[in-house]
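Asker: need coordinates for the below:
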Amino acid sequence: MDTNHITDLLPDYIDDMLSATQKKEVEAHLKTCVACTKELEEYSTLFKGFQQEKMMKPSAELSKNFEKMLADEKDNSVRVVSIDNRSASSSKNWFSSSMKVAASIALLIAAFVGGRYFQSEESQKEIASIESERLQLKQTTMISLMENQSASKRIQGVQFIEEFEKPDEAIVKALANRMLKDENTNVRLTAAEALSKFSKSELVKLAFIEALETEKDPSVQIAIIQNLVKTQEKKAVKSMQKLLEQEDTQPFIKEEINQILSEII
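Answerer: Alright, predicted model coming up:
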């Protein structure tokens, strides 16, 4: 064996594929050759990295692209090797070329996966932005309808609350404003019913108490009283007692208050 050219035996030595004689010769050479020993260490580190690398199952599209790319690289490698196949160091050149191909493929896969990750991250940001714009459009539409001159349109705007899982303070205030100040009884009643879904909110509780002191329609009064009873809001007791004292309060309203007042006190 030419002591100047044992590099081509190193891959088989690492894989334990040499004959006993060749193995002894390689080991003897490594004891005196620093360059070959260093190259062996580099190969060993590279192979160890390949073995320890966690394998990930590629998608169907990635597998298809990988197979095409690998076929192209193999064609290119065959052409390169065929030119140098007369050289005494052909095995070394083949191994070096293979490492370059492997490294190139690894970089391409890493770039592809990294691109998919950043693409996914950007998609999430775009989705969040679109969702924010969609909610803003809904809010604008709802408030616009509630300010319409037509009572039926205002009712439609109030009922638009169903489109929101967690309405913000601006929407709640707009609903409270309809309940407190709208000239149409049906709009006020619809707004009170809509606000009942958020009766745990301090803002809504205060709006109910304020409405109870100003509202004159019995149907709206009953709706407000029932909502305040559900929340057990003790601050409403004073307003209910005022209704009991007022002469213009309907008898059935007073009866309703007398029945439920004890539940709050």
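
Asker: low-confidence bits of the stretch 151-265 of the chain, can you list those?
Answerer: 265 (pLDDT under 70).

Asker: the helices in it, which residues?
Answerer: Under the criterion DSSP state H, counting those that start in this stretch, the stretch 151-265 of the chain carries helices at the ranges 151-159, 169-181, 185-195, 202-214, 218-231, 237-245, 251-264.

Asker: for the ones you listed, give me JSON lines that also has mean neighbour count.
Answerer: For the C-beta atoms, the positions are set from N, CA and C on the backbone; glycine is no exception. Formatted as JSON lines, the helices of the stretch 151-265 of the chain follow (neighbours: other CB atoms under 10 Å):
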{"stretch": "helix 151-159", "mean neighbour count": "19"}
{"stretch": "helix 169-181", "mean neighbour count": "18"}
{"stretch": "helix 185-195", "mean neighbour count": "22"}
{"stretch": "helix 202-214", "mean neighbour count": "18"}
{"stretch": "helix 218-231", "mean neighbour count": "19"}
{"stretch": "helix 237-245", "mean neighbour count": "15"}
{"stretch": "helix 251-264", "mean neighbour count": "13"}
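
Asker: among those, which is nearest His29?
Answerer: His29 sits nearest to helix 169-181 of all the helices of the stretch 151-265 of the chain, at 81.0 Å, using CB to CB.

Asker: hmm, who's touching that closest one?
Answerer: With CB atoms under 8 Å, 6 or more residues apart in numbering as the test, helix 169-181 has contacts from 139, 142-143, 146, 154, 158, 161, 164, 187-188, 190-192, 194-195, 198, 201, 203-204, 207, 210-211, 214, 220.

Asker: with stretch 235-250 instead?
Answerer: Against stretch 235-250 from outside (CB under 8 Å, 6+ apart): 205, 208-209, 212-213, 216, 218, 221, 225, 228, 253-254, 257-258, 261, 264-265.
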